[in-house]
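Engineer: Here's a sequence, model it:
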Amino acid sequence: MDTLTHALSGMLVAKASYRKTEVLPYWLRSWLGFFIAAFPDIDFISRFFGMQAYLTYHRGITHSIIMMPVWAIIIAWLLAKLLSRFTRFDFSWRQLLPLCLLSLGVHLFGDVITAYGTEVLAPFSDFRLSLPTTFIIDLYFSGILLLAINTSFIFRKHSKNIALGGVMILMTYVLIQGYWLRMAVGEAYASMPTQKMQASKVIAIPQPLSPLNWKIIIETEDRLFVRYINLYRTELKTATEKDDMFTRVNALYTPTSHLNWLVISKMGQDPAHALAKQIWNADKFKQVRRFMEFPAVYRFEKFPEMQCIWFADQRFVLGDIRAPFIFGACQHEESKEVKFLRMIDGEFAPFN
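Structural biologist: Alright, predicted model coming up:
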């Protein structure tokens, strides 16, 4: 999830878990929960060391359940020092530790329920846990947080109970999303003969604009079958290139009665196939292979002096509207020299 939503989650849970025996003042506990819950996203600094570093470390060690107690102790110790030095409050790090653990746990939960994947066992394993019930930027999820927090500020006498109610509504919303996830996966099995296809993986991924929008992906050895659906839509939506992006995205999702599967070859067709296999298996592409869960050739381009191949992860592709995390390489026709690149808004950029 986005960092602001994480921070708001930390604030709401800090408010909801307040007890009369709490040593921290209510307002201070709320704001500490806000900032502590944002901490794991400090790994964004890995971007300054190149895209490979970002793919390696984002949602890694700062998002680990194993490392969470270590981070909680460090944060609690630093906060205790800062509060005693710059404010009138004097707390020991042990008094701040429960809030630190709670706020960091809230952040981990918010990331695990998205499709990106979180290395909860880092640094001992690069296994990425994902229980994808919620889109990475869910306006309904964030809206519930904002409504509960703002209401708790207005009705201060009932602030804790309002916050607790907000947490319960939020968890109910996530549980309902889990039900919709099961519906989307069930639709995949109902509309495709997965056993005959020898499917290795069937997944449903939450999508933007509505919690009823889902992308279904069925993976076989050499192909991906992709479908965009809205679970309760009964009529097709239409959009043209002249329409705004939101209208075009909304029109992607069709009623479940429309079996409009996209069939995507993972390594492309001739003449792209040979180059695609070469680039995909290159040592330089190690981190890309580790990152992409549903990779496929996104584009093949042939120029007078070179040819380029591009890969995208179907988890993040929105039809022909948007595709982040595009990586590839260009090979010179005569020298056969290969230059690894990434694509940003249609422009080539170094991949380092």
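
Engineer: which stretches of the stretch 51-200 of the chain form helices?
Structural biologist: Secondary structure of the stretch 51-200 of the chain (DSSP state H, counting those that start in this stretch): helices at 51-57, 68-86, 93-112, 139-154, 159-191, 194-197.

Engineer: Of all those, which one comes closest to Ala122?
Structural biologist: Closest of the helices of the stretch 51-200 of the chain to Ala122 is helix 51-57, at 9.0 Å (criterion: CB to CB). All C-beta atoms are positioned from the backbone trio N, CA, C, and that covers glycine.

Engineer: can you map out the strands along the chain?
Structural biologist: 201-206, 213-219, 223-230, 262-265, 295-302, 306-313, 326-332, 338-344, 347-350 (DSSP state E).

Engineer: Pick out the shakiest of those strands, pLDDT-wise.
Structural biologist: Per-stretch mean pLDDT for those is lowest at strand 347-350 (a mean of 80).

Engineer: strand partners of that strand, parallel vs antiparallel please.
Structural biologist: Sheet pairing here is set by DSSP bridges, and for strand 347-350 it gives strand 338-344 (antiparallel).

Engineer: Could I get the CA-only coordinates of the partner strand as PDB?
Structural biologist: Provided in PDB are the C-alpha atoms of strand 338-344 (Å, rounded to 0.1, in the frame of the first residue of the first chain):
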ATOM      1  CA  VAL A 338      23.600  -6.500 -25.800                       C
ATOM      2  CA  LYS A 339      22.600  -3.400 -23.700                       C
ATOM      3  CA  PHE A 340      20.200  -4.000 -20.800                       C
ATOM      4  CA  LEU A 341      17.600  -1.300 -20.300                       C
ATOM      5  CA  ARG A 342      14.300  -0.400 -18.700                       C
ATOM      6  CA  MET A 343      11.500   1.500 -20.200                       C
ATOM      7  CA  ILE A 344       9.900   4.600 -18.500                       C
END
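
Engineer: Could you pull out the buried residues of that strand?
Structural biologist: Within strand 338-344, the residues that count as buried by 16 or more other CB atoms under 10 Å are Val338, Phe340, Leu341, Arg342, Met343.

Engineer: Then stretch 120-131?
Structural biologist: Quick answer for stretch 120-131 (16+ other CB under 10 Å): Val120, Ala122, Arg128, Ser130.

Engineer: Next, the buried residues of the worst-scoring helix or strand of the chain on mean pLDDT.
Structural biologist: Least confident helix or strand, the chain: helix 194-197 with a mean of 72, by mean pLDDT, DSSP states H and E. For helix 194-197, a neighbour-count test (16+ other CB under 10 Å) marks Thr194 as buried.

Engineer: I'm done for today, thanks for sticking with me.
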